[in-house]
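Undergrad: let's see this in three dimensions:
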Amino acid sequence: MSSMAPVDEATLVRIRQHMHAVRVPSYADKVYKDECMFTYDSPESPGGLYVNLTTFQAFGQEMVGLDQRRTGGALYLRLRHTRVPLPKSEVEAARAAAQAAGQMLLNAPTYRMDKQQSLVVMEQGGAERLEIPLPCPDLPERVLQSIDGVLRHESVTAAEAVAVFVETRPVSKYAASLEQLHTGRKISPNPADWRCDETGVRENLWLNLSTGFIGSGRKNWDGSGGNGAALRHFESTGRRYPLVVKLGTITPHSADVYSYDPDEDDMVTDPHLAQHLAHWGIDIMQMEKTEKTMSELQADLNTSYEFSRIMESGAELQPLSGPGLTGLINLGNSCYMNSVLQVLFTLPEVAARYVDGAARIISSAPSDPAGDLPTQLAKVGVALVQGRTGHVKEQVQQDGEAAEAVGDGKGAAMEVDGGGGDLVALPDDERWHAVRPLVLKSVAGRGHPEFSSGRQQDAAEYFTHLMELVSRAEHTQAERLGLTQAAAAGAGGVASGSLPLPTCFRLSLEDRLQCSESGAVSYRSTPTSLLMLQVPLEAAVNADAVAEYRDRQAKRQRLKEQQAQVYIGAAPEGAEESTAGGPEGSGAVASAGGARRVSGPGSGALVVMADAAEEAVLPRVPFDACLQRFSGTEVVDDYRSAALGGRRTAATKRTRFATFPPYLLVQINRYFQDTDWTLKKMEVLVDVPDHINLESLRAAGPQPEEQLQPEDPEQQQPAQPQTAAGGGAAAPQQTAVVVPNEALVSALVDMGFGANACRRAAVAVANGGAEAAMEWLLSHLEDPDIDDPLPEPTHAGTAGGGGGPAAAAAAADPNKISQLTAMGFSETHATAALQACNGSLERAADWLFNHMDDLDAAVAKVLSAGDSGAAGGGAAAAAVPAGGGPASIAAAAAAADSSLTPQPQLLDGPGVYELVGFISHMGSNLACGHYVAHIKKDGRWVIFNDDKVAVSEHPPRDLGYLYLFKRAQQ
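TA: The predicted model follows:
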């Protein structure tokens, strides 16, 4: 740190001129001091990091001038951190000392962090800068307090990294009546006085709230942590005193409390912690945090652990870095997000909007850029596409040679300890070639029960969720993002670059249903952004080889159960043979399946060794077979045919493409529900080609010779809960309320979907099975109310089966109306918007903003529709296509407000595509495992495995989960 130097009076005058805006951060303030708001610069970047002493937001050297112009702030705390390598002798001495103390030091420090701070006075957009090294006692007291507060305050980014691992902790059953012994001991509030009562160690100390014993905690899985003295004390006292608190984590607001009792044996909450600590002389209001909490330690362990080391053909892959080849650091089970982002930002349309337009997006960012989705997408996009990670590799200065930063040649000479020479090499920093998209993850997951957590998620579900967020942002901020208002509303423009980004992926599927008795036909169109294909295992081209392999595996299992070594039986006819690698003269040859055949007398026998290793033989299904399954004709039972007067019968259904999008995202559904309702992964290979032509599956629409179903709303009611039609003389029938099957809901939750979404799916398919429910979920993940609780069931005889718009208006949530009126809308406008969007607050807000040009007319239309709906069955009933079933209900819900909400633009074109990337999942189900992405870059395949980017020699296209196809150039 720089030595203290006096400051001249002229400099102090300039500081005092701006001192009125300086703030001292309080506990509730957000302090950003780890990363730039607009880039991935950090204190370790070449230019350091500047923290605005008014807003407490941080900016890199290239962005601090922009902040000065935006906020008018003039005083910044500049942070510069440099890694200084340690002499080998010092590192070896540390290891020896740890070994002498009976500890194993797995990761001995190989460098120290040299931290420098300075106060910067900045004016004229950064053109004029005056820097004062710190510490400097001559500075005004308020400025010193602000600087000290920033340095002491926990950074927001660090807190968010921990938040994903924080789970709700139960209240300990021992807290209310905790026994505390009167030993006369008082614990010093000074952390320097704390030591383990058994071993004398000074880290990871836990205070037993009953006995006052201070003991070391248990070891972590990697060997770090403590020596277990606190647990041994619990055992030695007869397991009577289970509650302990980690001393270094005590603050006026929280602390880590653990219960050793076998019934709890976990982190718990003690509502009376302040009282229990006071018994030992500790004033909780005076305590400050000095050690990491268990959540922080868990975050460190999860992000440092190597979850996977992907190899192809047993060889290390050639690493890549630079523009278009930047990695994304795993934040702890965030590989699903990383893979989706890598695939998205390889598309020119995404790069044009959020990378080429980054300067416009950043300069127009709101006062809190950390909560703005477009800003964070631009931040990630610039790093991925342009390779700007904010960090460069430096070389240590030794023997008088200056080190330079790799990439820009502007690195300064690095200080070394011990005068250079015999130094430990600095470890590689993943930030040289990768970035941490922590803020984007926080913004995209805000308010979502799953994506805001640290649990593994489904990449397909995350894609649809992210596209929904992008769609909302581009609707409401069209001008800022370079879209015209007409294009943002889907009313004009033909180039995908001037339309909302999700338009690139939207397609429309056409279902044709034909009544088996009358021959009458009905059509319906369903918009989607994701094409899910089922895998027909019966179409495997190697079924015989799979059956033989499974037979050999069964024999091996029986051998192990019987403790036998060899099975000899008849070999299958025509089995291929190859020379075996067995003992010379054994007369054995290995078959293609890995078993052995015996030659000589009694030849034709097959030998299966109990301990033989054999590569798995998986079913191989052609991609065309999946398409045939998708486009084939299926029978729909219990179809209500309008042509037969509403009588139930059977029908045939066929699906075709009504439109083809610029980019087609295909999901290969590899998961199925077993007979015990558990989800299992289908071990199958699907040969996905580089090029596909889907024009043969283009929908033709109604044909002249076809008899179409009548359009009478009464007759088009599906075979679902019945309502009175038209409000006429007919007496209303009671609606049969569908109750979600909890076993089905549990199975869907295990797949990674939210509980409320699963209940909606179960009701939508009338508990018709996991496959139908999952298909419904995947096609409705973009619904803003997908995670809302199911509405209260209503009875028939009101408005078309759901209470109608009038009933919806009557039941409008006052809290939602209040939130919408707080945005500047009238109560009438808010009520109509909620009515039009079935009570969904987010959809109602979008609806209001999308109708700003004709809001009064749109509101009048909704309210008038509500009046007529209450009298005659409602708009939803009129929109239900003939045929019934869950898909008809979904189509009816979409059609009910089709006249009220702008319809998405569909960019139709030739259905000829080429494969540009795919995402693979490794794991038994979607709630665990690991995701990687393979993307074609400049004619070669590249694997993106979080922060590791490398050339892919053998891309596993037959094991993908999501495939992205680009429309081929004609």
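
Undergrad: any idea how far the closest residue to residue 425 other than its chain neighbours is from residue 116?
TA: The shortest distance from residue 425 to any non-neighbouring residue, by Cβ to Cβ, 6 or more residues apart in numbering, is to residue 85 (7.0 Å). All C-beta spots, glycine's among them, are computed from the backbone N, C-alpha and C. Separation of residue 85 from residue 116 (Cβ to Cβ, to the nearest Å): 17 Å.

Undergrad: quick one, which of these two is more surrounded?
TA: It is residue 85, of residue 85 and residue 116, that has more neighbours when counted by other Cβ atoms under 10 Å, with 22 against 15.

Undergrad: was I right about that one contacting residue 423?
TA: Yes: contact criterion Cβ atoms under 8 Å: residue 85 and residue 423 qualify, at 4.4 Å.

Undergrad: ranges for the helices of the stretch 451-600 of the chain?
TA: Using DSSP state H, counting those that start in this stretch, the helices of the stretch 451-600 of the chain run over 459-476, 485-488, 543-561.

Undergrad: for this structure, spot the helix or strand the model is least confident about on average.
TA: Least confident helix or strand, the chain: helix 874-879 with a mean of 33, by mean pLDDT, DSSP states H and E.

Undergrad: bridged to residue 205, which residues?
TA: Counting by DSSP bridges, residue 205 is bridged to residue 216.

Undergrad: isn't residue 65 up against residue 129?
TA: No: look at residue 65 against residue 129 with Cβ under 8 Å: they stay out of range, at 9.3 Å.

Undergrad: mutual contacts of those two, please.
TA: Common contacts of residue 65 and residue 129 (Cβ atoms under 8 Å, 6 or more residues apart in numbering): residue 122.

Undergrad: low-confidence ranges in the stretch 851-970 of the chain?
TA: Scanning the stretch 851-970 of the chain for pLDDT under 70 picks out 852-854, 865-904, 924-927, 970.

Undergrad: again, 90 this time
TA: The model of the stretch 851-970 of the chain has pLDDT under 90 over residues 851-907, 921-930, 953-954, 956, 969-970.

Undergrad: all strands for the stretch 351-500 of the chain, in order.
TA: 434-435 (DSSP state E, counting those that start in this stretch).

Undergrad: what does the stretch 801-950 of the chain give?
TA: 912-922, 930-937, 940-945, 948-951.

Undergrad: output the ones you listed in CSV; the columns should cover distance to residue 280 and mean neighbour count.
TA: Formatted as CSV, those follow (distance: least, Cβ to Cβ, whole Å; neighbours: other Cβ atoms under 10 Å):
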stretch, distance to residue 280, mean neighbour count
strand 912-922, 49, 22
strand 930-937, 45, 23
strand 940-945, 49, 22
strand 948-951, 49, 20
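
Undergrad: and those: which comes nearest residue 279?
TA: Across the strands of the stretch 801-950 of the chain, residue 279 has its closest neighbour in strand 930-937 (47.5 Å, Cβ to Cβ).

Undergrad: now do the closest one: everything it contacts.
TA: 307-308, 310, 324-325, 335-336, 338-339, 342-343, 346, 459, 915-923, 941-946, 952, 955-957, 960-961.

Undergrad: can you state the direction angle for it and strand 940-945?
TA: Interaxial angle of strand 930-937 relative to strand 940-945 (axes from the mean of the first three to the mean of the last three Cα atoms, to 10 degrees): 160 degrees.

Undergrad: hang on, the earlier thing: which one of the strands of the stretch 801-950 of the chain lies nearest to residue 446?
TA: strand 930-937 (21.7 Å).

Undergrad: and that closest one, C-alpha only, in PDB?
TA: Extracted C-alpha coordinates of strand 930-937, given in PDB (Å, rounded to 0.1, in the frame of the first residue of the first chain):
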ATOM      1  CA  HIS A 930     -24.300 -31.600 -16.400                       C
ATOM      2  CA  TYR A 931     -25.000 -29.700 -19.600                       C
ATOM      3  CA  VAL A 932     -22.500 -28.900 -22.400                       C
ATOM      4  CA  ALA A 933     -22.900 -27.200 -25.800                       C
ATOM      5  CA  HIS A 934     -21.400 -28.000 -29.100                       C
ATOM      6  CA  ILE A 935     -21.500 -25.200 -31.700                       C
ATOM      7  CA  LYS A 936     -20.200 -25.100 -35.300                       C
ATOM      8  CA  LYS A 937     -17.700 -22.200 -35.600                       C
END
